[in-house]
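S.K.: Here is a sequence together with a model predicted from it:
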Amino acid sequence: MILLDRVTKKYGKNMEPALDRISLHIEPKEFVVVVGQSGAGKSTLLKLLTREERATSGKIIVGGIDYDKLPDRNIPLLRRKIGTVFQDFKLLPNRTVFENVAFALEIVGVSTKEIKNTVPKVLEIVNLKDKADRMPRELSGGERQRVAIARAIVRQPKILIADEPTGNLDPKHAWDVIAVLEKINRYGTTVLLTTHNQDIVNKLKRRVITIEGGKVGSDRANAQYANRPAGRTV
Ligand code: ADP
C-alpha cells in the first residue's frame, strides 16, 4: 500500500537531508503512529506522501501509484486516495458543519442528492450528526477536529494522514479524536498519525515508527514510546 525505498529529501543542494534513505512498508488497513522530535523529518515524510514535496531520490509507491511516473495532472487522483487532517482544523468559518463536509464533495462535482445522502453518514461516523447545522465557532476544539476528519474521509480515501490532530486539544477531546481515527481504521482505512503525546502512543498500542535525524530510528509493533531496545518487537 505505502512503500518507500531509500527515499532521500534535500530541500537545497548544500543542505543536510531532511530525510536520508528512508525505507518503509505500510500494509493496507494498518494504523501507524509516527513520532520524533521537532525537525526530525516527520512532516517531510507526510509531504512526500501527499506529493506536496518531491523526493530528491528513491522510490515511493502508494496504492499502486509510482510517484516517479505520476504526471502533475494526476495529482488530484492521488489526493483522492489520501485524506489529510492537521493540527489547525482549517474549516470554513462561515459555513455550517454540514456545508464544510459537503464542500469536499461539491468541488469534485458530486450531485446534491448524493451529498445529502453521504454527509449525514459521515457525520455519524465522527459522532456529530446532531451538530450538522452548527457553525464552527459554536463547536469545541475536539468537535472541530472531528468535522475536519469527516471532511477528510467523505470521499472515502484509502489512507488518512493525521498530522498532530490532537496538538491543540485537551486530553478528553484528544481521546474523542483518537477514538474516531480508530473507528475509521476499523472500517478499513490505513491511518498514519503523528503525535507528540506519549500517553496516546502508549495507550494506542499500535505500530510506532520513530524518525530521528531523517532516518528511521526504530519501527516497533504494539510499541511503547520510550526506553525500549531498537527493532521490531513482534
Ligand atoms: P518535523 O515534522 O519532524 O518537525 P520537518 O520534516 O518539518 O520535521 O523538518 C525536517 C528538516 O527539514 C528540518 O531540519 C527542517 O528545518 C527542514 N525543512 C523542512 N521544511 C523545509 C523547507 N521547506 N525548506 C528548507 N528546509 C526545510
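M.R.: Arrived safely.
S.K.: what's the residue closest to the geometric middle of this structure?
M.R.: What sits nearest the mean C-alpha location of the chain, by Cα atoms, centre = their mean, is residue 161, with 1.0 Å.
S.K.: counting contacts, what elements does the helix or strand bottoming out on mean pLDDT in the chain pack onto?
M.R.: In the chain, the helix or strand scored least confidently by mean pLDDT, DSSP states H and E is helix 75-81, which has a mean of 90. If contacts are counted by 3 or more Cβ pairs under 8 Å, 6 or more residues apart in numbering; DSSP states H and E, helix 75-81 sits against strand 65-66. (Each C-beta comes from the backbone N, C-alpha and C, glycine too.)
S.K.: what stretches of the protein score poorly on pLDDT?
M.R.: Counting by pLDDT under 70, the chain shows low-confidence ranges at 223-234.
S.K.: Could I get the full set of helices for it?
M.R.: According to DSSP state H, the chain carries its helices in the segments 42-49, 75-81, 97-106, 112-125, 141-153, 171-186, 198-204.
S.K.: Restrict stretch 148-167 to CA atoms and write it as PDB.
M.R.: Backbone C-alpha positions of stretch 148-167 (Å, rounded to 0.1, in the frame of the first residue of the first chain) are rendered in PDB as follows:
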ATOM      1  CA  ALA A 148     -12.100  18.200   9.700                       C
ATOM      2  CA  ILE A 149     -11.800  14.400   9.900                       C
ATOM      3  CA  ALA A 150     -15.300  14.000   8.400                       C
ATOM      4  CA  ARG A 151     -14.300  16.300   5.500                       C
ATOM      5  CA  ALA A 152     -11.100  14.300   5.000                       C
ATOM      6  CA  ILE A 153     -12.900  10.900   4.800                       C
ATOM      7  CA  VAL A 154     -16.000  11.900   2.900                       C
ATOM      8  CA  ARG A 155     -14.500  10.900  -0.400                       C
ATOM      9  CA  GLN A 156     -13.500   7.500   1.100                       C
ATOM     10  CA  PRO A 157      -9.800   7.800   0.800                       C
ATOM     11  CA  LYS A 158      -7.700   4.600   1.300                       C
ATOM     12  CA  ILE A 159      -5.300   6.400   3.600                       C
ATOM     13  CA  LEU A 160      -5.900   9.000   6.200                       C
ATOM     14  CA  ILE A 161      -2.900  11.200   7.300                       C
ATOM     15  CA  ALA A 162      -3.500  12.900  10.600                       C
ATOM     16  CA  ASP A 163      -0.600  15.300  11.400                       C
ATOM     17  CA  GLU A 164      -0.700  16.200  15.100                       C
ATOM     18  CA  PRO A 165      -4.500  16.200  15.100                       C
ATOM     19  CA  THR A 166      -4.700  16.400  18.900                       C
ATOM     20  CA  GLY A 167      -2.000  19.100  19.200                       C
END
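S.K.: If anything else comes up later, I'll come back, but that's it for now.
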